[in-house]
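Trainee: pasting a predicted model and its sequence here:
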Amino acid sequence: MLDALLQGILLGGYYAILAAGLSLMFGVVRFINLAHGDLAILGAYLVLLVVEVLGLSPWLALAVAVPAMALLGWVLQATLFARTAKGGFLLPLLTTFGLGAVLQNGLYGLFGSDTKSLGNHIGNLSWASWQLPFGISVGQLPVITFCVAVAVLGVLQLVLSFSRLGRAIRATSSDPEAAELSGIDAQSVHRAAAAIAFALAGLAGAFLAMRAQINPYAGPAQLIFAFEAVVIGGIGSLWGTLIGGIVLGVAQSLGATVSAQGFQLAGHLVFLIVLGARLYRARGHRQGRWYNLFRLPVLPSRRAGATTSQAISEGRS
Amino acid sequence: MLDVKNLVAGHGLLTAVRDVDFSIGTGEVLGIIGANGAGKTTLFRTLAGVHPAHSGSILLDGRDVTALSASRRVAQGIAMVPEGRRLFVDMSVRENLLVAGENGRKGGWTLTSVLDALPSLKPLLGVATGGLSGGQRQAVAIGRALMSNPKVLLLDEVSLGLSPVAIEGLYEQLAGLRQRGDTAMIVVEQDLDRAMEFSDRVLCMLEGRIVLEGQPRALGRQAITEAYFGLKSAEVAHA
């Protein structure tokens, strides 16, 4: 039980990296990217390609693949997503659904249907573990993945909270028109957000390929996991994405102890329960709008209720 | 400074702004008045660049900005305080101000000078704007617009929804800005008396057109009221 709990928490690290990009696209660009899982798989194949062609280690290959994914995100946002976003709610869905199909078939055409893995390129890391008390063993790769997730989310939080780009992203997420009226080029912000989201998808895909077998059609399942992690924990913050990932990972891990099918079923069950609770609570309020399920983080700020007398003397309307 | 020529704008087949012509110079305060649906807000949104012009031109210091996006117009020197404030509610007062300062036009307005001009904001810097009162929010919205160092400041319905005390405080702060004399202000105001008192010149709009233009005292209350409600029609009156 304790072992399953620990494995689930560590699995949540992978889901957090995967879901953070999806959450960013939801929150900033108001764009549901149905190709997000396929982009993760594309990132994994990119790393694999760099490893096999250039002979680099997967860790060095990330330095090539992740920026390449960011560039792809920037270009697709500038050339495709921005245009489709003007066509209403349905067009982006159809576009990214089509993009996912193109990626799947493109990868199938290039790499075939055989499963691939980066596991045999990272030495014994794919199976090495640390022994803990009570007979619990912890895989080194899941621990590294979890630490990378915390580091990535931490850096993202710092960027969003304290940088000019971060403030522009949060302002655009809050009110795109008001952001434009403050001098922010919302399209540039959307391109930056897409670049970050694609880079995160690529990074997640690489970690997936290190711990498991992938094939060109593995993307949709990853999209579902990412979506579930965002909905479970993503309402308030990036760290909520990590919590969502952990909850999903723990549910899956505990479900797997019951039966093989329990891995996925338990995750879906937790997702449905949380989704139902969120929609029930948000009913009739502004928070009930679909995109507010995926709001970006709020910095801790003092509320006006406890401010100085000067603030109160300003007069309340 | 700002010259608007034959400006036409609308929503689909509905024309909300028809052949509007006016100019405003540095430090001048222009009041735009009119009943609901007269086209004031559409005119403002078109000037700010968040609503497209069907035809006509908007010149800022002789440069045609009609085709520029809202963000690029801010960089050129047109800033708007929109109706309803439209603050970034999850961000603090300080961040709301910084966002405009970082992305707007560079100039004399900095965080320090804005806080000097709007001292009521000083104790609120760390407060999320979602928890502020209406008057406080309006002060933040004005401060945010000032942070982009505008040559022309558009103030849309600044007193709407505020208490009399808050309106009084707000106009005291605007009077302070006016005394600096380096920014032209165009004010849309529902309160006729307030608009006439604060403006150097007023334009009265009716059904998208300017039907009366001149200095408030020269026009007189009677003429303005008649133009406001469309009691006297047709030709643009000047005074």
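Mentor: All right, it came through fine.
Trainee: CA only for contacts and neighbour counts going forward, please
Mentor: Noted.
Trainee: which stretches of chain B aren't confidently modelled?
Mentor: In the predicted model of chain B, residues B:232-239 satisfy pLDDT under 70.
Trainee: tell me which residue of it lies closest to chain A.
Mentor: Residue nearest to chain A within chain B: B:Ser71 (4.0 Å; CA to the nearest CA).
Trainee: okay, now that residue: neighbour count?
Mentor: The local packing of B:Ser71 (other CA atoms under 10 Å in any protein chain shown) involves 26 other residues.
Trainee: how far is the host helix or strand of it from where the chain is centred?
Mentor: In this assignment (DSSP states H and E), B:Ser71 forms part of helix B:70-76. Here helix B:70-76 is found 15 Å from its chain centre; the criterion is CA atoms, centre = their mean, to the nearest Å.
Trainee: circling back to that earlier point, contact partners for the residue of chain B closest to chain A?
Mentor: Shown in contact with B:Ser71 (CA atoms under 8 Å, 6 or more residues apart in numbering or on different chains): A:Glu180, A:Leu181, A:Ser182, A:Gly183, A:Ile184, A:Asp185, B:Gly49, B:Gly104.
Trainee: and the two most separated of these?
Mentor: Farthest pair in the contacts of B:Ser71 (CA to CA) is B:Gly49 and B:Gly104. Separation: 14.4 Å.
Trainee: which single residue of chain A approaches chain B most closely?
Mentor: Closest residue of chain A to chain B, CA to the nearest CA: A:Gly183 (4.0 Å).
Trainee: that residue: neighbour count?
Mentor: By other CA under 10 Å, the residues close to A:Gly183 number 30.
Trainee: roughly how far apart are the spatially closest residue to it that is not a sequence neighbour and B:Ala79?
Mentor: Leaving out its chain neighbours, the residue that sits closest to A:Gly183 by CA to CA, 6 or more residues apart in numbering or on different chains is B:Ser71, at 4.0 Å. According to CA to CA, to the nearest Å, B:Ser71 and B:Ala79 sit 9 Å apart.
Trainee: pull the longest helix from the chain.
Mentor: The chain I'm using is chain A. Ranked by residue count under DSSP state H, the longest helix found in chain A is helix A:186-211.
Trainee: hmm, no, I was thinking of chain B.
Mentor: Using DSSP H to define each element, chain B has its longest helix at helix B:164-180.
Trainee: the helix or strand just after that one vs helix B:164-180, what angle?
Mentor: Following helix B:164-180 in sequence order, the next helix or strand is strand B:184-188 (DSSP H and E). Between strand B:184-188 and helix B:164-180, the angle comes out at 150 degrees (axes from the mean of the first three to the mean of the last three CA atoms, to 10 degrees).
Trainee: got a list of contacts for strand B:184-188?
Mentor: So strand B:184-188 is in contact with B:24-33, B:40-41, B:151-158, B:195, B:199, going by CA under 8 Å, 6+ apart.
Trainee: list buried residues within those.
Mentor: Buried members of the contacts of strand B:184-188, scored by 16 or more other CA atoms under 10 Å in any protein chain shown, are B:24-25, B:27-33, B:40-41, B:151-158, B:195, B:199.
Trainee: now the strands for the stretch 101-250 of chain A?
Mentor: Secondary structure of the stretch 101-250 of chain A (DSSP state E, counting those that start in this stretch): strands at A:129-132, A:136-139.
Trainee: highest average neighbour count across the ones you listed?
Mentor: Highest mean neighbour count of these: strand A:136-139, a mean of 16 (counted as mean count of other CA atoms under 10 Å in any protein chain shown).
Trainee: next one: that strand to chain centre, how far?
Mentor: 25 Å.
Trainee: CA atoms only for it, dumped as PDB, please.
Mentor: Presented in PDB, the C-alpha positions along strand A:136-139 are these (Å, rounded to 0.1, in the frame of the first residue of the first chain):
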ATOM      1  CA  ILE A 136      10.100  -0.200  -0.200                       C
ATOM      2  CA  SER A 137      12.100   0.400  -3.300                       C
ATOM      3  CA  VAL A 138      12.000   3.700  -5.300                       C
ATOM      4  CA  GLY A 139      13.000   3.900  -8.900                       C
END
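Trainee: fine by me, thanks again.
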